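Q: structure for the following, please:
(chains A and B)
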Amino acid sequence: MRRSIRAGTKQFFLLTLSLLPFLGAPTLTTADPLPPFSVAKNVEPYRGFTKSFTFSELGWRQGVTISGTSMDRSAFFGVPPSQMVEQGSVMVRFSYIPQKGPSHTPRLEVDINETAVGFLPPPPARLTSPPTLQTATFSIPPYLVTPLDSLRIRVAKDPKHPCDTIYTGPFIRIAPTSTVSLSGIRIHFPNRLSDLPLPFLYHAMTGTRSISFLMGQTDIPILEAAGITASWIGVRSENIPLRFHERTGLPGDPRSLPTGNLILLATTSQTPPWTFLPAVGGPTLALADNPADPYGKILLILGRNSGEVRTAALGLALGQFDASGSVATLSHIVLPLSRGKNDAPHWIDTRQPVTLGTLAKKNSLEVSGTGSIPIRFSLPSDLFVWHQTSFPLKLHYRTATLPGEERSHLDLLLNKKFQDSIPLPATTGKEADQERTVFLNLKDLTPFRNVLRLNFNFRSAIPGVLSCTANHNPRLHGTILGDSSIDLRAIPHYVRLPNLRLVPNGGYPFTRYPDLRGTAVVLPDAPGAGDIQIFLHLMAFLSGETGFPGLYLSIATPDQISAVKDRNLILIGTYDSNPLLLRYGKALPQDSPETRSRIRLESRLETFLRWSNPPPAAYGPEALAAYFKEDRSPLGVMEEDVSPLAPRRVILSLGGVSEQSLLSMDRILFDPRHFSDIFGQVSVVSPSRIHSFLVPEDRFSLGHLPPLTALTFWFYSHPLGILLVILALSLILAWILSRILPNLAARRQGP
Amino acid sequence: MSSKNPGIFFPLQVALLLAGLLPLFFLMAVPAKDWTTQIWLGGSLFLIALFLRFAFPGRRWMLISLIFISITLTGRYAWWRATQTLGIGDPLIHGYEYPFIFMLFGAELFSWTVTVLGYFQSLSPLRRKAEPLPEDSGLWPHVDVFITTYNEPLSVVRPTVLGALNMDWPPDKMKIYLLDDGNRQEFRDFADAAGVEYLARPERRHAKAGNLNYAFSRSSGKYIAIFDCDHIPTRSFLQTTTGVLEKNPRYSFVQTPHHFYSPDPYERNLGIFHDIPSEGALFYGVVQDGNDFWDATTFCGSCAVLRRSSLEEIGGIAVDTVTEDAHTSLLLHRKGWKSAYLNLPQAAGLATTTLSAHIRQRIRWARGMIQIFRIDNPLLTPGLGLFQRLCYLNGMMHFLFSLPRMIFLLAPLAYLYFGIKIFDADAYSIAAYAFPVLAMALLTNSTIQGNHRHSFWNEVYETTLAPYIFLPTVMAILTPKAGSFNVTSKEGIIREEFFDSRIARPFVIFWLLNLGGLVAGIYRYSRHLGDVPTIVLTLVWVLHNMIVLGATLAVGWETTQRRNRPRIPLTLPSRILGPGLKVLSGDTEDISDLGVRLRIGPGDSLAMGERLLLQIALFDNVYEFPCEVVGLDEFSVRLNFLPLTLAEERNLVLILYGRADAWIRVRSQNRQDRIIASLGRLSKFAMLGQLRLIRALFRERQAS
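A: Residues are numbered from 1 along each chain as shown, chains lettered A, B, ... in the order given. The predicted model follows:
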């Protein structure tokens, strides 16, 4: 996230330079002449914009509660460079919480970009219960607003009395319905391919980004082109929330196109004779103004035939086009060598120790005073983190503590689980380097997204009264040096499939080859908007996880499945439009004898004998059948099964009860809040949440385990095996001993 | 042991055995997915074991497979406890909770170790048979018989000396020594009258061991038979025991069980004499036989025959500890001497009368065994075989039970009172792992111990001693050389029932604390203070503690003991010769030192105070005793002996205690253990004990 913000900032900076005259800044003389641009005079009605974000949208879903232990909260919002803010305000709804005991109420300061815009009014003399909701509105000076803005609410310390005690309990609650409102004008800027992925993605912006696709026709190469384009967006999106919209068929009148930014994929034969279209002499990429919206852009991905459209999309994804102008015709593209197993740019390569310097920017590995360094990393989803061992973290760090102060320590947390605490010895003025190897619990790793947090906790020998000012003592300093490393080499790659949990966590097994070489999507013969939107979203998601576009993605229709049967398949559609869903799916979203026979309810004998661990009753097949029985009108089902078409392949079915429900599934499935609800083999998507179930069926494994681990895991997975071996060995050993002991006894009594 | 007899192992079988153990150890470390899987696994194995137990009773392989299943389940629990539940690195565990977590874990570790060592020790009880002596009694060896006394009354010592005189052994090859450390004239006179040697030391260093060594240096027989002053031998004692030593010249000693013809405090105070096996039955019925298999029989200080030459090699009886007997056998084994245990009661004695006397005796044992542990640690001391080391280790570790036992009695209270975590796991998992382990250990021990120890009684015995032997064992660990010998009092009359509140005080405190825990638990449950499964689990634990403590309290209630010589039930044909040549025939019902009860048909006319001559037939002899009628009813008459001559007294001892089979049938009467029934019986005693306590507390308040 941080990286994405920085990247965006850099791009913005270049743009801002070009826009400086319009921002009323002093004229700059630059060496390069600025490219020509114009503001269309006849489009005044569209020019203004107004937008507002609730605090909930800024990430404070439950609002903010300020207390003695949490006195400083920040959130971020952004404005794209195509918009210029002229007015802004922040409206805070808050209520004071009655306190017990004496204290003074601190003042709360509201900052925009570290500049105070106002203070919340003090509490009334008598607090009522329930507390009354107050409102305070502060205007934001437009010059404060930049593309990335911080909103900070904090306790303003009285500089004369920095150590005044403050309630430790919560004393003010700020409602999530508080808003930041901005209004201003939109700016037209030139069509430059080099600006891509602007204007489609702008990272500093808040909220879901809508990406609209227009297609001339939905034949397979064009759908593949759309998928590749979506995966290019996914790679560049860095996990910001996206939503895809799709429309098939192009209107004759360009002014009836949708407003906003569009991506258009079509062959020359499919496009109406629009004047703004460039001449197409091969695979072509172009950026043009949206005739329906002068502040919107259209990314044109064109070709003389659909194959050329696909080539153009590949060129876009690979960046192999001339970005200097607004139109680029691709003469040829060079496909990179296919990526190996787990060779995704975003994933840690576990074949060698990974230095922390490659996982985080250098300046993010430092703290002054007590502070926390988060290190985020993604693991290949097939790392086998089941067994109870540890992996080494070689830490190389440099600290400056106070002389004679031995109480400082460095705490390590992996995914919020405490790992270790390293005492930091006193240093005498100079910084001291230390090396230490710490062992982290393997079971605290998650299959994909992980955060290692290194918390420098400095103590100062200053007496308690003054210590409140010492937190930011500049002499206290901690740096994690970039050559510190995590070593995951010893951890085997082994995974049991199907397992839906790995889909939201890394997109496994579809991303096992990050260029989607091993993945094919089966769409209905005539895919509707629901099918295509969920498809595009999935492509963007998978590539977002890997950081590599799905260049080798393959799409098939249900009757062409034999061509892609060796791949992991993703079936998308409704049960009417995609017959394969009925053929390979098991959990049809309704209660019928058919469904019940398909999901193979547990037999009591099997549960009793425990050949394998039965799923918890609340998530087993019985629970699934019961779920369908209660009429909950699910939107659809996501299900992963062993592919009957090829060994060691899965089929992921995304089946909606209707085209409309597919649109809703799209919204829920890709919401990170629901990711933890996806596991097992069947996830039933309902309008508000996801229910997952473990349906015992055949599994297969990918990867290898060392023999002893494999044996342990086998016994772990087969409790009956433990029982039988214990029993058999006990009987055999007893038999042997009962043969030996009488001989020994005879010897004892003999001469 | 294996190093000494390499030939007796079949290498293939041993290799198979070891190869089979490895996977078992491996399976101990395979985790269960969740608690349901573990309870399924443990429960299934337990049920299978239960099936084996009842489908193949008495089979050796059945018993050993039960042992393996129990060890494997215990190992799984131990591994899980050690790796998952100690809260290491768990930020939710407070620093002050670790001592509690580790104390409980330590106590459990101790009990696992003792359980496994116990299985191993009693894996294959030897059940040795007596060896015949040569036909020609002229070839029988010379035996010195040592009877040690210090402060016991002559009435206790007399039958022992007379019983020794009664032993069937060539008189010229047997010399009886009365070793009186009390140096009493009365004893000297009796010895002269009875015709036995009397030895009294000028000083009394090293107590009993010194006393024996003093006599040792003043005697010369090939073997030495040693009796405590109350252990009356049967006539067959020497013939039964010396055969083993004669046959095996490298055998140093042969030990026989200590049989008690009077009830021990548990049996008397609970009124269960002969209903359940007595406290010592386990040791002499199973453990010593098991020890004998590994050539690790413990010398128990009495009812044993030792080879003089072996004792000479170690410089006589060991004097460094207060349990000179066990230490002596350790030293003998170290020198490569072998030993034998003959599980035939060939002598009988008096059990301790009161609980306090019993506790004092056990304090001495515990202290002595710990002293040996410190002075000649069986794991380190040279000369022992591996299996001997393990047997001795178990014998000594057993006496460390006091702290773990008290921890088990108090641990749940830490949670119920203060909410302190005593393990870092959810209650379901603890229950899923622990309950099958406990059930399996109960089943296995019940199968091993059968009619020698009933289930759950072990806890009562240990609980009774735990608070008392704790400090002595700690002291013995710290200063093994200090401490003196105290003699166990074996005789006494308790004229009135009383609650020995002094001795029961610690149990009252434990009981009240657990009662408080029960209240606290119910309060926690009703107010939802804490995790409900944990509350329920600890409550079950507290209830179990209260049953054990209740039974212990019941033992603390000393019931009356009217006779100071116990009656022995014995049916022998007899006749009464009254004045006027009145002859009545009947059978004896019971006999004691003081009198006899006779079953005599109705219509016989006898008067109170009438003096008669009683004839009792035993084998082909008829013995006569002058008597007086002291009680009459429809079917029986009670006679008291008039003052007897020494010869008559010797005959009485022969009839009462001297029969070769006197004690064998009594022992075999014990019932087989039934786990649930045993728990039920214990609960009944627990109710009784708690009622008695409440009554006593109430009375005390009224009195004050």
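
Q: what sits opposite the closest residue to residue B:582 other than its chain neighbours in the beta ladder?
A: Nearest residue to residue B:582, sequence neighbours excluded (C-beta to C-beta, 6 or more residues apart in numbering or on different chains): residue B:576, at 7.5 Å. Quick note: C-beta positions are derived from backbone N, CA and C, even for glycine. For residue B:576, the beta-bridge partners under DSSP bridges are residue B:584, residue B:614.

Q: count of residues packed around residue B:576?
A: 22 (other C-beta atoms under 10 Å in any protein chain shown).

Q: same check on residue B:348?
A: With other C-beta under 10 Å as criterion, residue B:348 counts 25.

Q: ok, now which ones touch it?
A: With contact set as C-beta atoms under 8 Å, 6 or more residues apart in numbering or on different chains, residue B:348 has these partners: B:231, B:232, B:234, B:259, B:260, B:261, B:657, B:662, B:663.

Q: residues from chain A in reach of chain B?
A: Contacts of chain A with chain B, taken as C-beta under 8 Å from any C-beta of the partner chain, map to A:388, A:418-420, A:441, A:610, A:613, A:616, A:711-712, A:715-717, A:719, A:722-723, A:725-727, A:729-745, A:747-749, A:751.

Q: neighbour-wise, give me the winner out of the contacts of residue B:348.
A: Busiest of the contacts of residue B:348 [other C-beta under 10 Å] is residue B:232, holding 30 neighbours.

Q: which residue does the stretch 351-500 of chain B bring closest to chain A?
A: residue B:387 (10.0 Å; C-beta to the nearest C-beta).

Q: can you tell me which helix or strand that residue belongs to?
A: helix B:386-397 (DSSP states H and E).

Q: and residue B:374, by the same measure?
A: Assigned by DSSP H and E, residue B:374 falls in helix B:355-375.

Q: helices or strands up against that helix?
A: helix B:265-270, helix B:324-334, helix B:386-397, helix B:457-478, helix B:501-527 (3 or more C-beta pairs under 8 Å, 6 or more residues apart in numbering or on different chains; DSSP states H and E).

Q: could you list every residue that touches residue A:320?
A: Contacts of residue A:320 (C-beta under 8 Å, 6+ apart): A:314, A:330, A:333, A:334.

Q: which two of those residues have the greatest separation?
A: Maximum pairwise distance among the contacts of residue A:320 (C-beta to C-beta): 10.7 Å, between A:330 and A:334.

Q: of the two, who's got more company?
A: Taking other C-beta under 10 Å, residue A:330 and residue A:334 do not tie; residue A:330 has more neighbours (20 against 9).

Q: I'd say that one and residue A:283 touch.
A: Yes: using C-beta atoms under 8 Å, residue A:330 makes contact with residue A:283 at a distance of 4.2 Å.

Q: need the overlap of contacts for these two.
A: Among the neighbours of residue A:330, those also in contact with residue A:283 (C-beta under 8 Å, 6+ apart) are A:311, A:312, A:315.

Q: what's the helix or strand for the last one?
A: Here residue A:315 sits within helix A:306-318, counting by DSSP H and E.

Q: now do the residue of the stretch 151-300 of chain B found nearest chain A against residue B:247, distance only.
A: Closest approach between the stretch 151-300 of chain B and chain A, counting by C-beta to the nearest C-beta: residue B:293, at 6.2 Å. Counting by C-beta to C-beta, to the nearest Å, the gap from residue B:293 to residue B:247 is 18 Å.

Q: which stretches of the stretch 651-751 of chain A form helices?
A: Along the stretch 651-751 of chain A, counting by DSSP state H, counting those that start in this stretch, helices occupy A:659-669, A:707-717, A:719-749.

Q: ok, now which ones touch the residue nearest the centre of chain B?
A: Centroid check for chain B by C-alpha atoms, centre = their mean gives residue B:280 as the closest residue, at 2.1 Å. Counting by C-beta under 8 Å, 6+ apart, residue B:280 makes contact with B:257, B:258, B:260, B:264.

Q: counting neighbours, what do you get for the closest residue to the last one other than its chain neighbours?
A: With C-beta to C-beta, 6+ apart as the measure, residue B:351 is the residue that lies nearest to residue B:264, at 4.0 Å, once sequence neighbours are left out. Taking other C-beta under 10 Å as the criterion, the count of residues near residue B:351 is 27.

Q: host element of residue B:351?
A: Using DSSP H and E, no helix or strand contains residue B:351.

Q: isn't it up against residue B:262?
A: Yes: using C-beta under 8 Å, residue B:351 makes contact with residue B:262 at a distance of 5.0 Å.

Q: shaky segments in chain B?
A: Low-confidence segments of chain B, defined by pLDDT under 70: B:1-10, B:483-499, B:560-565, B:580-581, B:601-604, B:666-670, B:701-704.
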